[in-house]
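Kindly generate the corresponding structure for this input.
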Amino acid sequence: MSSLEINSCSYSQVTKLQLSPPLVEDSNSGLLREPMSAIEDKPKDVIKFTAEKLSVEEVSQLVISPVCGAVSLFVGTTRNNFEGKKVVSLEYEAYVPMAEAEVRKICGAVRQLWPVKHIAVYHRLGLVPVTEASVVIAVSSAHRAASLEAVKYIIDTLKAKVPIWKKELYEEETASWKRNKECFWTKKD
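Next up is the predicted model:
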């Protein structure tokens, strides 16, 4: 167990601060172990595709951890215009098993690149009216740089690699399915 000694100039006392949780005795075995709060806070990836309205608060709560000083969020919402046309809503479809697998790969890549704790990626399917969230991404880390960079990487990579299709519904026009300009399988050489 490590501790940090801090000398105070005005008090000439030494204070020791715990840097890791103290071990507790297991009542069943008598052995020392980490407290349950430390065990329950193992890194997790939470991925959900749903037709339900997304809650930014719910997604952000999934990644909060007592060992993290940063929670970074990206919330993608439906805007009311595109290329001079009035947008009424968006509609999303996905091949969910493949989309979930791709998001898991993205989470794995994030963990190789940055020291993050928890990751949550929620994407809405079906109709998404103007101002409502289509995607909510939350990442926690000890410091802000890692979570901010991870969130950017996740949304950029999601748009490029995950099989999600979007249809824009316009006020005065027939809707059509669109490809993401960032999507790797639709780019021309």
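
surely His123 meets Ser134?
Yes: in this structure, His123 is within contact of Ser134 by CB atoms under 8 Å, at 6.9 Å. (Each C-beta comes from the backbone N, C-alpha and C, glycine too.)

overlap in contacts of the two?
Tyr92 (CB atoms under 8 Å, 6 or more residues apart in numbering).

of the two, who's got more company?
Between His123 and Ser134, counted using other CB atoms under 10 Å, the more crowded position is His123 (25 against 18).

Relative to Val110, how far out is the more buried one?
Shown here: His123 relative to Val110, a distance of 16 Å by CB to CB, to the nearest Å.

just for the chain, where's the confidence low?
Along the chain, the parts satisfying pLDDT under 70 run over 1-40, 173-189.

Can you give me the domain assignment for it?
Domain segmentation of the chain under automatic domain parsing yields 3-36, 43-186.

Most tightly packed of those?
domain 43-186 (a mean of 16; mean count of other CB atoms under 10 Å).

In contact with the residue nearest to Val59 when sequence neighbours are not counted, which residues?
Leaving aside its sequence neighbours, Val59 sits nearest to Val136 (CB to CB, 6 or more residues apart in numbering; 4.4 Å). Contacts of Val136 were listed using CB under 8 Å, 6+ apart, and they are 54-56, 59, 73-76, 120-122.

Just the C-alphas of stretch 92-102, formatted as PDB.
The C-alpha trace of stretch 92-102 is given here as PDB (Å, rounded to 0.1, in the frame of the first residue of the first chain):
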ATOM      1  CA  TYR A  92     -31.700   5.500 -38.600                       C
ATOM      2  CA  GLU A  93     -31.300   1.800 -39.300                       C
ATOM      3  CA  ALA A  94     -28.500  -0.500 -38.400                       C
ATOM      4  CA  TYR A  95     -27.500  -4.100 -38.600                       C
ATOM      5  CA  VAL A  96     -27.300  -4.300 -34.800                       C
ATOM      6  CA  PRO A  97     -25.100  -7.400 -34.300                       C
ATOM      7  CA  MET A  98     -22.500  -6.000 -36.700                       C
ATOM      8  CA  ALA A  99     -22.800  -2.500 -35.400                       C
ATOM      9  CA  GLU A 100     -22.300  -3.600 -31.800                       C
ATOM     10  CA  ALA A 101     -19.200  -5.600 -32.800                       C
ATOM     11  CA  GLU A 102     -17.700  -2.600 -34.600                       C
END
